[in-house]
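S.K.: Make a model of this:
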Amino acid sequence: MNRFAALYQRIRNALIDGSMAPVVQVRASSQSQGGFRSHVKVRDFEVVVDQPRGFEGENKGPKPSELVLAALAACQEVTWRLYGEAHRVPITDVRVELTGTQDLRGFLGADDTVAPGFQAISGTVTVVSPASAEEIERLREIVDRHCPVLDDLRRPMDVSLDLAVEQVAVAKA
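M.R.: Here you go, the predicted structure:
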């Protein structure tokens, strides 16, 4: 049993027998760095997020919607590898290429009937494997049922954002 299959089995068993808490919390924080640039912290990692120059950014990092695509691509790749090994479907390589289509009228409030986020996400998952087409299709159903980010994008969920306002004194001229 290789390491991904062992990880899958170990954690799955711990969840089933109750020795591992099933609910985890993932945290991220972001702080403006001026202009459209943000400094994002996730666990021990720091990411610069920015807008492209054509949108008055400095192009110092990906924009937020690009990180959504990156999260989906990486999550698909990891889920294919994990479940491939757990179900003994050999996978030599996995590549994911995605395109998200946005209509800026929604984001900029030029047309309130247009959603501000992605209208669609499409792409290709390329799996390199000696497995049969039937095995790969069966694995695809499993991956799509268990990929967390794909689920996040497909399923409505509660999102609540509290607002905290810190008042500052206005300098008099």
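S.K.: OK, contacts around R3?
M.R.: Neighbouring residues of R3 by CB atoms under 8 Å, 6 or more residues apart in numbering: there are none. (Glycine included, C-beta is placed from N, CA and C.)
S.K.: what's the spacing between it and G100?
M.R.: 32 Å (CB to CB, to the nearest Å).
S.K.: show me where this protein has helices.
M.R.: 3-17, 64-86, 104-107, 133-146, 148-154 (DSSP state H).
S.K.: Output those as JSON lines; include the columns distance to G54.
M.R.: Output for the helices of the chain, formatted as JSON lines (distance: least, CB to CB, whole Å):
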{"stretch": "helix 3-17", "distance to G54": "41"}
{"stretch": "helix 64-86", "distance to G54": "14"}
{"stretch": "helix 104-107", "distance to G54": "11"}
{"stretch": "helix 133-146", "distance to G54": "34"}
{"stretch": "helix 148-154", "distance to G54": "26"}
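S.K.: any weak-confidence spans in the protein?
M.R.: 1 (pLDDT under 70).
S.K.: Nearest residue to the middle of it?
M.R.: By CA atoms, centre = their mean, the chain has its centre lying nearest to A71, at 2.5 Å.
S.K.: next one: stretch 153-165 to chain centre, how far?
M.R.: In terms of CA atoms, centre = their mean, to the nearest Å, the centre of stretch 153-165 is found 16 Å from the chain centre.
S.K.: Using PDB, list the CA coordinates for it.
M.R.: The C-alpha coordinates for stretch 153-165 follow below in PDB (Å, rounded to 0.1, in the frame of the first residue of the first chain):
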ATOM      1  CA  LEU A 153     -18.600  25.600  -6.100                       C
ATOM      2  CA  ARG A 154     -21.600  23.500  -6.900                       C
ATOM      3  CA  ARG A 155     -23.500  23.500  -3.600                       C
ATOM      4  CA  PRO A 156     -25.100  26.600  -2.000                       C
ATOM      5  CA  MET A 157     -23.900  27.100   1.500                       C
ATOM      6  CA  ASP A 158     -24.300  29.700   4.300                       C
ATOM      7  CA  VAL A 159     -21.800  32.400   4.200                       C
ATOM      8  CA  SER A 160     -21.900  35.100   6.800                       C
ATOM      9  CA  LEU A 161     -19.600  38.100   7.000                       C
ATOM     10  CA  ASP A 162     -19.800  40.400  10.000                       C
ATOM     11  CA  LEU A 163     -18.800  44.000   9.700                       C
ATOM     12  CA  ALA A 164     -16.500  45.700  12.200                       C
ATOM     13  CA  VAL A 165     -15.800  49.400  11.700                       C
END
